[in-house]
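> Could you work out the structure for the sequence below:
(one chain, ligands or ions: 1)
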Amino acid sequence: MLRSCAARPRTLSALRAARGGAPRPARDPGPARRSFSTEKVIHKDHSLPNPSWSKDLRLLFDQFMKKCEDGSWKHLPSSECKVPQRIHSFKTYFLDSKPVKEDQLSQARPFTRSYEVGQGFEYAMFYNEDEKRTVCLFQGGPYLEGPPGFLHGGALATMIDTTLGVCTISCMGLFMTANLNINFKSPIPLCSVVVISSQLDKVEGRKVFVSCNVRSVDEKTLHSDATGLFIKLDPEKSLT
Ligand SMILES: CCCCCCCCCCCCCCCC(=O)SCCNC(=O)CCNC(=O)[C@H](O)C(C)(C)COP(=O)(O)OP(=O)(O)OC[C@H]1O[C@@H](n2cnc3c(N)ncnc32)[C@H](O)[C@@H]1OP(=O)(O)O
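The predicted model follows:
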């Protein structure tokens, strides 16, 4: 039986409604056309509240949306993370890599958005360009269990990597994670909400140094801290 963090939609149509969609969507054109067409593709924004979000996550989300009103913070819709041009650019950088078969590629989707609503990674990100900071409000669902009742360290590492990755976007260009160091200080109860606060510390040529901490909603518990190194892909190089 599925478990969830908040009231779980009981029917398929309720689930679709929770995702913000119509009760029965039009026939899906198929992932190949949906994700990789050069035509304008409309993606659903998974970073908006849904019924699986706990009160804590909703409150924090509302607080940050308020901060967006004066333009200092920007809410990052999940749909911006999978832009066809960006996918094409990555392909051109890694021309010599063993090509993924088209039918496999057509099924690809962002790791953190590949779970049913409420079961995996529920999160929203906010970005402050002037301060070079990114904040991720994250609720890890029941399918992300590591030690019984607690979040898997790899799931947290994924969210740290994603948050730090978004933090590098102020430098523009395409980046890859080269190094990630995480100190796990206190386990995170499954289904609880944590705040990942990241900042850009230093840029040295193509190297971008970023760091973050992960705290409980009341800020009393430091769950983790981490540093990351992201490398801007060199247009002169084609990597294998
Ligand atoms: C406005 C709204 C927009 C929203 C927009 C959303 C965007 C949505 C974002 C999603 C965010 C997802 C975040 C997931 C991000 C992954 O999951 S990435 C996947 C995991 N990472 C990988 O697979 C990377 C594999 N590694 C590589 O491809 C290559 O090693 C790299 C990292 C590209 C570097 O290769 P390279 O360009 O040949 O670099 P290279 O010349 O060797 O080194 C450059 C410099 O970096 C140093 N360096 C390289 N590697 C290391 C290392 N590991 N440690 C220390 N130093 C290193 C070198 O020493 C060198 O230093 P200098 O000599 O210049 O001082």
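> what's the following helix or strand after the lengthiest helix in the chain?
When the chain is parsed with DSSP state H, its longest helix is helix 153-167. Moving toward the C-terminus from helix 153-167, the next helix or strand (DSSP states H and E) is strand 175-184.
> Show the contacting residues for whichever residue of the chain sits closest to the ligand.
Residue nearest to the ligand within the chain: G165 (2.8 Å; C-beta to the nearest ligand atom). (C-beta placed from N, C-alpha, C; glycine too.) Neighbouring residues of G165 by C-beta atoms under 8 Å, 6 or more residues apart in numbering: 175, 177, 230.
> again, only using 10 Å
Contact analysis of G165 by C-beta atoms under 10 Å, 6 or more residues apart in numbering lists 81, 134, 175-177, 198, 208, 210, 228, 230.
> one step back: so for the longest helix of the chain, mean pLDDT?
For helix 153-167, the mean pLDDT works out to 97.
> Please spell out which residues along it are buried.
For helix 153-167, burial by neighbour count (16 or more other C-beta atoms under 10 Å) applies to 155-156, 158-167.
> Among those residues, pick out the one closest to N181, please.
Proximity of the buried residues of helix 153-167 to N181 (C-beta to C-beta) peaks at I160, which lies at 9.9 Å.
> Grab the nearest non-local neighbour of that closest one.
A226 (5.0 Å; C-beta to C-beta, 6 or more residues apart in numbering).
> before we move on, what about A124?
Take A124 and drop its neighbours on the chain: the residue closest to it by C-beta to C-beta, 6+ apart is S47, 4.4 Å away.
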